[in-house]
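**Q** Give me coordinates for this.
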Amino acid sequence: MKGSPVFQIVGYKNSGKTTLLSKLIAYGAGKGERVAVIKHHGHPEPLQAMHDETDSARLKKSGSFLTGVRSAGGLQLELDSTDFSLPRIVELYQAFEPDLIVVEGYKEEDYPKAVIVKKEQDLELLKKENIRFVITWDVSLTGNLTLPVYTIGEWEEQLPILYDLIKGGGTL
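**A** A predicted model of the protein is given here:
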């Protein structure tokens, strides 16, 4: 069985990653596709619990490293572990057979990716591996690139092309 395509969107804080991913996910869902997302929380503070003072929270507090709740509306999983690499998380997501897995962050990973460049300091991200295209806030910073470059003002109108590009691993 061939796995779902995986594509990363990387950039620094407030560069537009979540906005881009939200639009891509909505576009894919509007086409009837199942798009899954993995978001990297690169901050030192722990994640907030998805639930509080529920039976599942009590079970988690009892020491369960993986807590799952299945309801008529869906499945919620919460995993307490720091040893899950992105490839391992992708492997878990593949079990759900999505049409596409998009990843926000994980700059050092080697999946096909787009880089968002907002300011000059962000140009260091262009040294990362497997970049397929760039989205820029300032074309004067990225005008000399040989990679495809989309401006922040045009990417939304190019969404169908970008979605196909992302789903194809960065190639059409």
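
**Q** ok, L100 to V37 distance?
**A** Summarising the geometry, the distance separating L100 from V37, computed by Cβ to Cβ, to the nearest Å, is 9 Å. Where C-beta positions appear, they are placed from N, C-alpha and C, glycine not excepted.

**Q** T136 too?
**A** Note on T136: its distance to V37, by Cβ to Cβ, is 23 Å.

**Q** got it, and L162?
**A** Here the distance between L162 and V37 works out to 15 Å (Cβ to Cβ).

**Q** higher neighbour count, those two?
**A** The residue with more neighbours, out of L162 and V37, is L162; 21 against 17, by other Cβ atoms under 10 Å.

**Q** Please name the nearest non-neighbouring residue to W155.
**A** I135 (5.4 Å; Cβ to Cβ, 6 or more residues apart in numbering).

**Q** Could you give the bridge partners of that neighbour?
**A** With DSSP bridges applied, the residues forming beta bridges to I135 are I116, Y150.

**Q** what about it, distance to R34?
**A** 24 Å.

**Q** Have a look at the two and say which one is more surrounded.
**A** More crowded of I135 and R34, by other Cβ under 10 Å: I135, with 25 against 13.

**Q** Surely the more buried one and A114 touch.
**A** Yes. At 6.1 Å, I135 and A114 qualify as touching, with contact defined as Cβ atoms under 8 Å.

**Q** Okay, helices next: where are they in this structure?
**A** Along the chain, the stretches classed as helices by DSSP state H are 17-30, 55-61, 86-94, 139-142, 159-167.

**Q** Distance check, the closest residue to K128 other than its chain neighbours against Y93.
**A** Computed as Cβ to Cβ, 6+ apart, the closest residue to K128 that is not its neighbour in sequence is K107, at 6.0 Å. With distances defined as Cβ to Cβ, the gap from K107 to Y93 amounts to 19 Å.

**Q** and the most centrally placed residue in the chain, bridged to which residues?
**A** Among the residues of the chain, V103 comes closest to the average C-alpha position under Cα atoms, centre = their mean, at 2.0 Å. Per DSSP bridges, the residues bridged to V103 are Q8, I38.

**Q** Now do G143 against G11, distance only.
**A** Computed with Cβ to Cβ, the distance linking G143 and G11 is 18 Å.

**Q** These two: which has the busier surroundings?
**A** The residue with more neighbours, out of G143 and G11 and counting by other Cβ under 10 Å, is G11; that gives 24 against 9.

**Q** With adjacent residues omitted, what lies nearest to that one?
**A** For G11, ignoring the flanking residues on the chain, the nearest one in space by Cβ to Cβ, 6+ apart is I116 at 3.2 Å.
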